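Q: One predicted model, sequence on top.
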Amino acid sequence: MRRYDAVLFDVDDTLLDFRASEAAACRAVFDLYPVTGLSPDVVLAAFQHASDITWDLYVQKRITRAEVSDQTFESLARLLPMSDHVDTHAAALAFDAAFAEHSVAEPAASCVLASLHGWYVTGIISNHEHPAVQRRRLAASGLARSLDVVVISGDIGIEKPDPRIFNYTLQLLGMAAEQCLFVGDSIISDDAGAREAGMDFCWYRRHHTTPSAPTTTLNIIQSLSELLVLLDAPDVLER
Ligand SMILES: [Mg+2]
């Protein structure tokens, strides 16, 4: 007898690779705003340096989500020999548009989700201030078709680890917490929130990350395909 009726996921760095998606969007934007004399790898490294700094400012609540891309491109304009005439706000808007379209799935995410879908109720609970962007990223990656329920913090004004976003999802599903497994990469947002809501948690320890906080979870996977073994789910390729 199977243990769960639903398998729910975090999105960024669980189903989608945030850094790879950002890099793909960055390449698309610098096709429009070329930086002469520098290789694409150098431009990308500078972009990711600037992006890391602005995301830290956002996490510290010193800037809003809407200011992240503007700040990143303003920093980048100081770092790189971009033309003085480059409109950093236009570049930031172009980046945001490209980011929504250039989502890169984690390895095996598509196959694992397709395998689970139909056997389990599947869904995501994601922190994102712009639900339309997150939905577009899920659609662009092809993952949306294997998701039964999509819950994004920006739609309801509650973010993980607040257990109310997990409870809201349970209400949508008409399920009890014990029927669901939540899979995520963050000990702080995903583990703490899911378990406070009463769900079992599976830590996706991507890239052998050191836990950002203590955890007692026993379900640890290093690749998403291990989830099929953990759940004993049939692989879609065998059906
Ligand atoms: Mg995550």
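A: That came through, no problem. Treat the numbers as computed from the prediction; the structure is a model and nothing was measured.
Q: which secondary structure elements does the lengthiest helix in the chain contact?
A: Of all segments of type helix in the chain, defined using DSSP state H, the longest is helix 40-59. With contacts taken as 3 or more CB pairs under 8 Å, 6 or more residues apart in numbering; DSSP states H and E, helix 40-59 sits against helix 18-32, helix 65-79. Bear in mind the C-beta positions are built from the backbone N, C-alpha and C, glycine included.
Q: mind listing what's buried in the last one?
A: Of all the residues in helix 65-79, those buried under the rule 16 or more other CB atoms under 10 Å are V68, S69, D70, Q71, T72, F73, E74, S75, L76, A77.
Q: C-alpha coordinates for it, CSV please?
A: What follows is helix 65-79 as a C-alpha-only set of coordinates in CSV (Å, rounded to 0.1, in the frame of the first residue of the first chain):
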residue,chain,number,x,y,z
ARG,A,65,11.4,42.1,-5.7
ALA,A,66,10.5,44.6,-8.4
GLU,A,67,13.8,46.4,-7.9
VAL,A,68,16.0,43.3,-8.2
SER,A,69,16.6,43.4,-11.9
ASP,A,70,17.0,47.2,-12.1
GLN,A,71,19.6,47.1,-9.4
THR,A,72,21.4,44.2,-11.0
PHE,A,73,21.7,46.0,-14.3
GLU,A,74,22.7,49.3,-12.7
SER,A,75,25.5,47.4,-10.9
LEU,A,76,26.4,45.7,-14.1
ALA,A,77,26.7,49.0,-16.0
ARG,A,78,29.3,50.0,-13.4
LEU,A,79,31.2,46.7,-13.7
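Q: and that helix, what does it pack onto?
A: Using 3+ CB pairs under 8 Å, 6+ apart, the elements in contact with helix 65-79 are helix 40-59, helix 88-101.
Q: follow-up on the earlier one: can you check which of the helices and strands packed on helix 40-59 gets nearest to A108?
A: Closest approach to A108 among the helices and strands packed on helix 40-59 (CB to CB): helix 18-32, 14.1 Å.
Q: And the ion, is that closest one touching that?
A: No - on the criterion CB under 5 Å from the ion, helix 18-32 is out of touch with the ion, staying 7.6 Å away.
Q: Not counting its own residues, what contacts that helix?
A: Contacts to helix 18-32, defined as CB atoms under 8 Å, 6 or more residues apart in numbering, come from residues 12, 40, 43-44, 47-48, 51, 91, 94-95, 98-99, 101-104, 137.
Q: picking up where we left off before, could you dump the helices and strands packed on helix 65-79 to TSV with mean pLDDT and mean neighbour count?
A: What follows is these, written out as TSV (pLDDT from 0 to 100; neighbours: other CB atoms under 10 Å):
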stretch	mean pLDDT	mean neighbour count
helix 40-59	90	16
helix 88-101	91	18
